[in-house]
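# Quick one: sequence and predicted model below, then my questions.
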Amino acid sequence: MPDSGTASETRPALDLSAAMAETATAVTERLSELLPAPDTAESRVIEAMRYSALAGGKRLRPFLLVHSAALFHVSPSAALTVAAALEMIHTYSLVHDDLPAMDDDDLRRGRPTCHRQFDEATAVLAGDGLLTRAFEVLADPVAHADPAVRCELVRELAEAAGARGMVGGQMVDLMVERGIGDLSMDVAAITRMHQLKTGRLILFACLAGPIMGKASAKMRACLHAYGRDLGLAFQIADDVLDETGSAQDLGKTPGKDAASGKTTFVTLLGLDGARDRARMLSDQAVNHLDVFGPEADMLRAVARYVVERDR
Ligand code: GRG
């Protein structure tokens with residue numbers, strides 16, 4: 001008789017970094033296919049879109065999307081297409097965030113920012129091009145055979161990226177930084193701002209799979225709770241890294257929050273308090289996956305990575 005063992009003894013070893021590298025390569029290839037460089041007068045804007053979208057990054061959102069979709073037996077190729085659309089939106093937000101009118105940054109993903117490499121107007125257009133191309137991709141049958149599912153993906157992503165999501169969070173962030181509207185930031189207010197600015201796209205990454213797999217309301221609620229806690233844990237870890245990370249590891253300029261006197265989870269909770277809060281949220285995210293068996297182990301592992309990462 002085979003040794004029955006415990007569940008954890010018989011599970012195959014997880015290699016999170018290999019799995020993340022595999023998704024990163026696959027999504028970069030899909031982005032390259034979805035953003036072909038034309039030989040026409042307007043090719044400069046596509047070149048700028050490709051420059052930023054193919055530059056790398058952790059590809060965390062695609063990883064979450066692909067692995068939560070796998071829980072519901074979604075076609076891996078369709079999940080990768082939706083993940084590429086999401087990464088286009090994420091990249092557009094970074095390109096626009098780096099502009100002189102916003103954060104005025106020189107370094108992103110270890111390379112000159114889009115407006116430094118090209119010029120400001122081209123970077124605005126590249127961001128616009130990525131934002132709109134993402135929805136064109138989601139509306140295409142390659143994203144999903146069922147038009148009702150495509151419609152739901154479009155609606156969910158538009159809400160996550162728009163004024164009731166990431167754009168709204170970015171607005172509040174700028175208002176606080178520039179003293180517009182006299183907003184004061186306590187833990188509750190900063191939590192809400194980051195749930196919009198960073199959390200909503202991460203939440204979409206975790207919800208797209210259950211939407212594509214037509215999962216039950218109960219399963220959807222579990223992934224929703226996981227994505228919400230993970231998004232906030234990710235942002236708190238980002239605040240910690242801004243304080244402790246290096247430009248080489250992060251591929252962007254660290255220490256900007258402290259230099260500008262910005263209120264962050266670190267200024268409100270202290271470094272140790274912020275780390276504890278991020279770990280607590282990551283544990284809580286993992287607990288929301290209790291309805292799943294070992295098939296959700298990659299999502300459990302990435303929740304730990306999000307708060308222990310150094311880039
Ligand atoms: C301009 C509409 C608009 C929104 C900008 C996302 C954002 C909103 C600004 C980025 C500024 C920032 C540093 C936010 C903190 C968290 C965050 C989104 C970090 C970047 O995401 P990563 O670490 O980046 O996943 P990579 O390069 O790995 O994809």
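Sure thing, it's come through.
# can you give me the strands for the stretch 1-150 of the chain?
Under the criterion DSSP state E, counting those that start in this stretch, the stretch 1-150 of the chain carries strands at the ranges 107-108, 111-112.
# Does the ligand have contacts with the top helix by length along the chain?
With residue count as the measure and DSSP state H as the assignment, the chain has helix 217-244 as its longest helix. Yes: judged by Cβ under 6 Å from any ligand atom, helix 217-244 comes into contact with the ligand through 235, 238. Yep, even glycine has a C-beta here, placed from its N, CA and C like the rest.
# Let me have the strands of the stretch 1-150 of the chain in CSV, extended by distance to the ligand, mean pLDDT and mean neighbour count.
Written out in CSV, the entries for the strands of the stretch 1-150 of the chain read as follows (distance: least, Cβ to the nearest ligand atom, whole Å; pLDDT from 0 to 100; neighbours: other Cβ atoms under 10 Å):
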stretch, distance to the ligand, mean pLDDT, mean neighbour count
strand 107-108, 7, 94, 20
strand 111-112, 11, 96, 14
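# and of those, who's closest to Phe292?
Among the strands of the stretch 1-150 of the chain, strand 107-108 comes nearest to Phe292, with 34.9 Å by Cβ to Cβ.
# Who does that closest one pair with, and is each partner parallel or antiparallel?
Here strand 107-108 has these sheet partners by DSSP bridges: strand 111-112 (antiparallel).
# Tell me how far the partner strand lies from the chain's centre.
Strand 111-112 sits 20 Å away from the centroid of its parent chain (Cα atoms, centre = their mean, to the nearest Å).
# before we move on, what about stretch 196-214?
With Cα atoms, centre = their mean as the basis, the mean position of stretch 196-214 lies at 9 Å from the chain mean.
# Equivalent analysis for stretch 27-42, please.
The gap between the average C-alpha position of stretch 27-42 and the chain average comes to 21 Å, counting by Cα atoms, centre = their mean.
# Pull the residues that contact that stretch.
Residues lying outside stretch 27-42 but in contact with it, judged by Cβ atoms under 8 Å, 6 or more residues apart in numbering, are 43, 46-47, 49-50, 53-54, 56, 59, 62, 66, 80-81, 83-85, 87-88, 133, 137.
# thinking again about what came up before, distance to Gly273 added to the strands of the stretch 1-150 of the chain, as TSV?
Putting the strands of the stretch 1-150 of the chain into TSV (distance: least, Cβ to Cβ, whole Å) gives the following:
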stretch	distance to Gly273
strand 107-108	29
strand 111-112	34
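# how about the ones you listed, which one is nearest Ala278?
Relative to Ala278, the nearest member of the strands of the stretch 1-150 of the chain by Cβ to Cβ is strand 107-108, separated by 23.0 Å.
# list the contacts for whichever residue of the chain sits closest to the ligand?
Among all residues of the chain, Gly57 sits closest to the ligand, at 2.9 Å; criterion: Cβ to the nearest ligand atom. Shown here is Gly57, whose contacts under the criterion Cβ under 8 Å, 6+ apart are 24, 90-91, 109, 251.
# do that again at 10 Å, thanks
For Gly57, the contacting residues are 24, 27-28, 87, 90-91, 94, 108-110, 251, 311, by Cβ atoms under 10 Å, 6 or more residues apart in numbering.
# could you flag which of those residues are buried?
Among the contacts of Gly57, those scoring as buried are 24, 27-28, 87, 90-91, 94, 108-109, 251 (criterion: 16 or more other Cβ atoms under 10 Å).
# Flag the least confident of those residues.
Ranked by pLDDT, the buried ones among the contacts of Gly57 bottom out at Gly251, which scores 68.
# thinking again about what came up before, buried ones in the longest helix of the chain?
219-220, 222-243.
# And the residue nearest to Leu196 when sequence neighbours are not counted, how far from Met175?
In space, Leu196 comes closest to Gly169 once its chain neighbours are excluded; the distance is 3.1 Å by Cβ to Cβ, 6 or more residues apart in numbering. From Gly169 over to Met175 the distance is 11 Å, taken as Cβ to Cβ, to the nearest Å.
# Name the residues contacting each of these two.
Residues touching both Gly169 and Met175 (Cβ under 10 Å, 6+ apart) are Met193.
# how near is the nearest residue to Ala24 once chain neighbours are set aside to Asp128?
Ranked by Cβ to Cβ, 6+ apart and with sequence neighbours excluded, the top spatial neighbour of Ala24 is Arg59, at 4.1 Å. Taking Cβ to Cβ as the measure, Arg59 and Asp128 are separated by 22 Å.
# Look at these two and report which has more neighbours.
Applying other Cβ atoms under 10 Å to Arg59 and Asp128 shows that Arg59 carries more neighbours, namely 23 against 15.
# what does the helix or strand harbouring Leu157 rub up against?
When secondary structure is defined using DSSP states H and E, the element that contains Leu157 is helix 147-161. Applying Cβ under 10 Å, 6+ apart, the external contacts of helix 147-161 come out as 74, 78, 82, 85-86, 89-90, 92-93, 131, 134-135, 137-144, 146, 164-168, 196, 199-205, 207-208, 211-214.
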